[in-house]
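Asker: Show me how the following folds:
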Amino acid sequence: MSRFLTFLLFFSMPLAALADKTYGRVTIAEVTSIYDGDTFRANIPDYPPIIGQHMGIRINGIDTPEMRGKCEQEKDMARKAKKYTVTKLRSAKTIELRNMQRGKYFRIVADVYADGQSVGEGLVREGLAVVYDGGKKVKDWCD
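Answerer: Residues are numbered from 1 along each chain as shown. Sure, this is the predicted structure:
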């Protein structure tokens, strides 16, 4: 099946039907913007522009502090997490999205690898993210 038809089916299915499905892997062509430690936008080659240009990507399995956090400590940690992600993504020769899933807000949720290294695992290892399953957030970055 062509990539175009695959993605037409992917984005036309109800979200509940997609919750536990993964959709392989892709190499992205370019990171277009980075919002925070776990969210960025990228261009995906060979995909139709509606889903391949400036597509929102959320790093799977982690949660980083919010840029608009509740306290200065959280905002400071959010800046550090973003800096880590910027450094990893901007310096990488190859960025790969693995185990892609459909997420909220018309985003792709995926394991993100920069030159073969997991960006999410690196953020957790550096204390800039916590493991997150998509449910209720349990980390209070202001404590």
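
Asker: Next, Glu96: secondary structure please.
Answerer: strand (DSSP: H, G, I helix; E, B strand; the rest coil).

Asker: For it, grab the count of nearby residues.
Answerer: Using other C-beta atoms under 10 Å, Glu96 has 16 neighbouring residues. Placement of C-beta: from N, CA and C, glycine included.

Asker: just checking, it touches Ala29?
Answerer: No. Counting by C-beta atoms under 8 Å, Glu96 does not reach Ala29; the two are 11.6 Å apart.

Asker: So what does the closest residue to Phe106 other than its chain neighbours look like in phi/psi?
Answerer: In this structure, Phe106 finds its nearest non-sequential neighbour in Gly56, 6.6 Å apart by C-beta to C-beta, 6 or more residues apart in numbering. Dihedral pair for Gly56: phi -70, psi 130, per degrees, to the nearest 10.

Asker: residues in contact with Gly56?
Answerer: Thr39, Phe40, Arg41, Tyr105, Phe106, Arg107, Ile108 (C-beta atoms under 8 Å, 6 or more residues apart in numbering).

Asker: ok, which pair from these is furthest apart?
Answerer: Using C-beta to C-beta, the contacts of Gly56 span at most 14.5 Å, a distance reached by Phe40 and Phe106.
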